[in-house]
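1. with the input below, show me the fold.
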Amino acid sequence: MDGPKRGASRAATIVDIARAAGVSKSTVSLVLKDSPLVKAETRERITRAIEQLGYVYNRSAANLRTARSSFVGMVISDLMNPFFTELAVGIEDGLHDLGFVPILANTNEDLARQSSVLQSLLEHGVAGIIMSPARGTDAWGLSQILPRTMPMVLTMRRVDGSPLPYVGPDNRTGSRDAVAHLISLGHSNIAFLGGDGTMTTQRERINGYQDALRAAGLPTPDDLIFDSMPTRVGGAEAILAALASHRRPTAAFCYNDIVAMGATRTLGLNGVRVGVDFAVIGFDDIVEAEHNAPPLTTVNADTRIMGARAARSLLGVIDGADPQTMSYTGKTRLVIRDSCGAHAPANLRETV
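-> Residues are numbered from 1 along each chain as shown. Have a look, this model is predicted:
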């Protein structure tokens, strides 16, 4: 009679399968869950290793082991902003494809609420957290709440000094391209509207704004930067302050589309024709931008794709990858519509 097969004294595990197939444990798990994300060639290699090692997937035991770790915290700073709603959809899509269930929390830009939400997620044993930080979040505060072992990815807003991986668009390049476009249309007095200095995103976008002005040999005066809440009301307040300033700009680059929409509406109410008398550009390219009156020229940041990418980065951290390798900066592109005046007939444009 044949002797026992080599290794028969111990049942094969996912680790054995991963080692035999030359893949990660998470990839083996995706195959076992029939995920469509695994390439056919890789799936075949894993399936072959499963057969060779005689691995038996105990789904009941797996469910018991992962009942708590199949959940991921999705902490969003402002779900009233359509941009963050689109981001949340992208993250949820990515998590679903990876076999995770999101627990959604809206902090409403409140640091105390954010702290409470994070603590609750830890108590519920989530596998990891994707967070768009509330305004004013600092690295020290996060380190006091979260254990270093908790997998976490920041998205859309960096936290100065934090070692956590970050996923978001190239704010500086996108802003530089937008302002360079306004300069190419003949504008030299260009305001920056929205956000405040506590927001890393605002600082990055102002850097791009100033890069474009310097490249064109134009001054970069601080009195053309008008801070405000990143909301429609904030946009309205910022554009009124800009119009009342001694420089009185002829164009504005806005922190985000919501600020730009508040600005365009207020300009219209004050008899200023957006895209003719005054040029406006936003940032994000949310769904509403195309339907704004007039349609908004803006920087597309591939929001939903960024959300899905954040989910993949988190999976990498959960799977043991070096967090420093899980950061990702996405490319941006300028989408030209009517609000910047590029489409207006030359004879309708006033001298800028």
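2. any idea how far residue 114 is from the closest residue to residue 157 other than its chain neighbours?
-> Distances taken as CB to CB, 6 or more residues apart in numbering put residue 133 closest to residue 157, at 4.9 Å, once the chain neighbours are dropped. From N, CA and C alone the C-beta is placed, and that goes for glycine too. Per CB to CB, to the nearest Å, residue 133 is found 7 Å from residue 114.
3. shared neighbours, those two?
-> Both residue 133 and residue 114 are contacted by residue 77, under the criterion CB atoms under 8 Å, 6 or more residues apart in numbering.
4. would you mind listing the buried residues in the host helix or strand of residue 238?
-> Taking DSSP states H and E as the criterion, residue 238 maps to helix 232-244. Of the residues in helix 232-244, 232, 234, 235, 236, 237, 238, 239, 240, 242, 243 count as buried by neighbour count, 16 or more other CB atoms under 10 Å.
5. what's near enough to touch residue 199?
-> Neighbouring residues of residue 199 by CB under 8 Å, 6+ apart: 135, 157, 230.
6. spell out the secondary structure type for residue 213.
-> What DSSP: H, G, I helix; E, B strand; the rest coil gives for residue 213 is helix.
7. returning to what we had before: most neighbours among the contacts of residue 199, which one?
-> In terms of neighbours by other CB atoms under 10 Å, those top out with residue 230 at 27 neighbours.
8. burial count for the spatially closest residue to residue 337 that is not a sequence neighbour?
-> Distances taken as CB to CB, 6+ apart place residue 295 nearest to residue 337, at 3.8 Å, with adjacent residues excluded. Burial measure for residue 295: 17 neighbouring residues, criterion other CB under 10 Å.
9. tell me which strands and helices whatever helix or strand residue 181 lives in is in contact with?
-> With secondary structure defined by DSSP H and E, residue 181 is part of helix 171-184. In terms of contacts (3 or more CB pairs under 8 Å, 6 or more residues apart in numbering; DSSP states H and E), helix 171-184 is packed against strand 190-193, helix 200-215, strand 251-254, strand 279-284, strand 297-300, strand 333-335.
10. can you check what angle separates that helix from helix 200-215?
-> Going by axes from the mean of the first three to the mean of the last three CA atoms, to 10 degrees, helix 171-184 is angled at 40 degrees with respect to helix 200-215.
11. list the contacts of helix 171-184.
-> Contact with helix 171-184 is made by 190, 201, 204-209, 211-213, 215-216, 218, 251, 253, 279, 281, 283, 297-299, 301, 331-334, 336, 340, 342, as judged by CB under 8 Å, 6+ apart.
12. buried residues in it?
-> Neighbour-count burial for helix 171-184 [16+ other CB under 10 Å]: 171-183.
13. and the angle from that helix to strand 279-284?
-> Here helix 171-184 points in a direction 160 degrees away from that of strand 279-284 (the same axes, to 10 degrees).
14. run the chain-centre distance for helix 171-184.
-> 20 Å (CA atoms, centre = their mean, to the nearest Å).
15. rewinding a little: give me the buried entries from the contacts of helix 171-184.
-> Of the contacts of helix 171-184, these count as buried by 16+ other CB under 10 Å: 190, 201, 204-206, 208-209, 211-213, 218, 251, 253, 279, 281, 283, 297-299, 301, 332, 334, 340.
16. dump stretch 26-38 to PDB, restricted to CA.
-> Provided in PDB are the C-alpha atoms of stretch 26-38 (Å, rounded to 0.1, in the frame of the first residue of the first chain):
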ATOM      1  CA  SER A  26      -5.700  38.300  -0.700                       C
ATOM      2  CA  THR A  27      -5.500  37.200  -4.300                       C
ATOM      3  CA  VAL A  28      -6.200  33.600  -3.300                       C
ATOM      4  CA  SER A  29      -9.200  34.800  -1.200                       C
ATOM      5  CA  LEU A  30     -10.600  36.700  -4.200                       C
ATOM      6  CA  VAL A  31     -10.500  33.500  -6.300                       C
ATOM      7  CA  LEU A  32     -12.200  31.600  -3.500                       C
ATOM      8  CA  LYS A  33     -14.900  34.200  -3.500                       C
ATOM      9  CA  ASP A  34     -15.300  34.100  -7.300                       C
ATOM     10  CA  SER A  35     -14.200  37.700  -7.700                       C
ATOM     11  CA  PRO A  36     -14.000  38.900 -11.300                       C
ATOM     12  CA  LEU A  37     -10.900  41.100 -10.400                       C
ATOM     13  CA  VAL A  38      -8.400  38.200 -10.800                       C
END
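17. good, we can wrap up now.
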